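S.K.: My questions concern the predicted model and sequence given below.
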Amino acid sequence: MSDHPTGSTVEPAVRALLDSGVLTHEDLLRAQADAERGGQPLRLSLVKLGMVSARQMQEAVGRSLGIPAVDLRELPPDPEALRIVPAELAYRHQVVPLRVQDGEVVVATADPFNLEALDDIRMVTGKEVNPVLADAAEIQRIVEEAYMKEMMEAADNGDVQLIAEKEIDAADLERMAKEALVIRLVNTVIRQAVAEKASDIHIEPFENEIRLRYRIDGVLTEQAAPAQRLLPAIVSRVKILSNLNIAEHRLPQDGRIALLVSGREVDIRVSIIPTLYGEAVVLRLLDQSQLAFELEELGMQDEQLAEYTAIIHKHHGVVLATGPTGCGKTTTLYAALRRIYTPRKKIITIEDPVEYRLHGVNQIHVNPKIGLSFATGLRHIVRHDPDIVMVGEIRDQETANIAINAALTGHLVFSTLHTNDASGAVTRLQDMGVEPYLIASSLEGVLAQRLLRRICPECREEYEPSAEWMATIHRELEIHPPATLARGTGCSACRYTGYAGRTALYEVLPLNEHIRSMIIRRASAGEIKRDAVLHGMSTMRQDGWKKVIDGETTIEEVLAVTQIEE
């Protein structure tokens, strides 16, 4: 196996600590693994794990870059410097403008490698930027004190704080949520998440802090979080935007926000749940401009694309997409509907929720509060003379039976299931109570998928994998891999993870007469899969090895995503 730690480069400051004996090689390997998991620079992982102190790291970084360190407790910022740097910029990049002198602005930062921050300040102020190093906690304190003075004064007066549920006043929460600084804070969090191409925003309260994290390329990454006492105002602001009840703190709530962010239309699914230390918020970002609507853009191999295209052009039957939550099943179905749509066909979907709007397609949003479930909606859809129907998810026997009956009466039905692989869809339907003969006569094909990260093009390098990995790929794929493969070493462009963007792994299972007979005699999912592989089906693990050979991803990423097949 490869013993090269991936995901973080050994920065000069870290190398200096290693050479001086402050840091051991074993510590470095542990920190590199933590940095990759957290999507953060190696130096931050070293401090977080307690291997070096924040002061030691700051001094090492300063020496390696020739940047002086300052103590913000002894060097308060000048009001003129604060005035020329917008609050949103200071909060987003966690920087403090200290003073303006000789046509330049002196800026305190804990991350001198964040060149984007320095460029933004240079562009906004029209002045050269002279960075100095300071403690991250002190920077956050100064930013809050300097730019959130109004909100801090309100908090100090007891207007913004975590209080018992019985003491919460809805009018006070609404007033706090409409404060300009809270509006700016929430807007900044959303805008930054969209800029980072995050799929989700997590705002989580704990005993002494708020944790703010973005899910980027499937991995949660820490972000600079606001003070804990601002949580009620932040949650209330989100509730107002999504038309939820700001006075309700005991029950989970779900909502939706439609925003225009930097000229891009973004739909946001909101989920709020009560926790021990306050309400936790998750925002799912659905960027209308980022959806890949073409099948060719999804990452299928040529033979998989040909098989799936043949399946979706059937005149009737059930076509399923399977995989865990967040693996892109809906995106695949949208691309399939776009491929087969013509003005001569009527397409109706019922979804929970409608994530993206499709031209020429009638889309229905599930609403359990008024009795509009998948089963109820599907029952009425078939009376509207559709040619093609998409059901967001088959969750129960009633929905499954209606979908299958629709397929048997001449409709082409698309839907999703949560299973580990394509063959598992058959046994999942049987577990719901669907008769095997109905599955065999209606199911036309199943596509299973997983998302995995692509290698960052900015820090991509070639390397020679171990002989053991070469033998593994050869054994499972039955072809000889090239002598060198690719990986990312980690850089600022990919947040030192070595990965940027995602693609998908697929396995396509078209049903033939032999597999239909296996279903009728209740063959296990394993038997069906072995038979399909024997007749040429490529598994997701094999698809992963092909993408490794093509230089799209790494061995480690394929193993992480396809553990179920290991």
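M.R.: Structure received. Numbers count the residues shown, from 1 in each chain.
S.K.: how about stretch 268-285: buried residues?
M.R.: By 16 or more other Cβ atoms under 10 Å, the buried positions in stretch 268-285 come out as 268-270, 272, 277-285. Every C-beta, even on glycine, is put in place using the N, C-alpha and C of the backbone.
S.K.: same thing with stretch 424-432?
M.R.: Quick answer for stretch 424-432 (16+ other Cβ under 10 Å): 424-430, 432.
S.K.: what residues does that stretch touch?
M.R.: Stretch 424-432 is contacted from outside by 320, 322, 394, 396-397, 400, 417-419, 436, 439, 443, 446, 448, 509, 519, 522, 524-525, 528, using Cβ atoms under 8 Å, 6 or more residues apart in numbering.
S.K.: rerun at 7 Å
M.R.: Identification of contacts with stretch 424-432 by Cβ atoms under 7 Å, 6 or more residues apart in numbering yields 320, 322, 396-397, 400, 417, 419, 436, 439, 446, 519, 524-525, 528.
S.K.: Residue 283 should be in a strand, yeah?
M.R.: Yes - counting by DSSP: H, G, I helix; E, B strand; the rest coil, residue 283 is found in a strand.
S.K.: Which residues does the nearest residue to it once chain neighbours are set aside form beta bridges with?
M.R.: Once flanking residues are discounted, residue 283 sits nearest to residue 201: 4.2 Å by Cβ to Cβ, 6 or more residues apart in numbering. Residue 201 has these beta-bridge partners by DSSP bridges: residue 214, residue 283.
S.K.: And for residue 201, the neighbour number?
M.R.: Neighbours of residue 201 under the rule other Cβ atoms under 10 Å: 25.
S.K.: So which elements touch the helix of greatest length in the chain?
M.R.: As assigned by DSSP state H, the longest helix anywhere in the chain is helix 180-195. Where contact means 3 or more Cβ pairs under 7 Å, 6 or more residues apart in numbering; DSSP states H and E, helix 180-195 is packed against helix 87-93, helix 149-156, helix 231-241, strand 253-261, strand 278-287.
S.K.: Could you rerun that using 6 Å?
M.R.: Helix 180-195 is packed against helix 87-93, helix 231-241, with contacts defined by 3 or more Cβ pairs under 6 Å, 6 or more residues apart in numbering; DSSP states H and E.
S.K.: Can you mark which positions in the shortest one are buried?
M.R.: Spelled out, that is helix 87-93. Residues of helix 87-93 classed as buried by neighbour count (16+ other Cβ under 10 Å): 87, 89-93.
S.K.: so who does residue 446 touch?
M.R.: Contacts of residue 446 were listed using Cβ atoms under 6 Å, 6 or more residues apart in numbering, and they are 320, 422, 425, 509.
S.K.: Which pLDDT value goes with it?
M.R.: Listed pLDDT for residue 446 reads 97.
S.K.: Quick check: it vs residue 406, distance?
M.R.: For residue 446, the distance to residue 406 equals 17 Å [Cβ to Cβ, to the nearest Å].
S.K.: Name the nearest residue to residue 81, ignoring sequence neighbours.
M.R.: Leaving aside its sequence neighbours, residue 81 sits nearest to residue 97 (Cβ to Cβ, 6+ apart; 3.8 Å).
S.K.: Please name the bridge partners of that neighbour.
M.R.: residue 107.
S.K.: I figured it was touching residue 86, is that so?
M.R.: No - here residue 97 does not reach residue 86: they are 10.1 Å apart, not a contact under Cβ atoms under 6 Å.
S.K.: out of these two, which sits in the busier spot?
M.R.: Neighbours were counted for residue 97 and for residue 86 using other Cβ under 10 Å; residue 97 has more, 25 against 16.
S.K.: Relative to residue 122, how far out is that one?
M.R.: Residue 97 sits 12 Å away from residue 122, taking Cβ to Cβ as the criterion.
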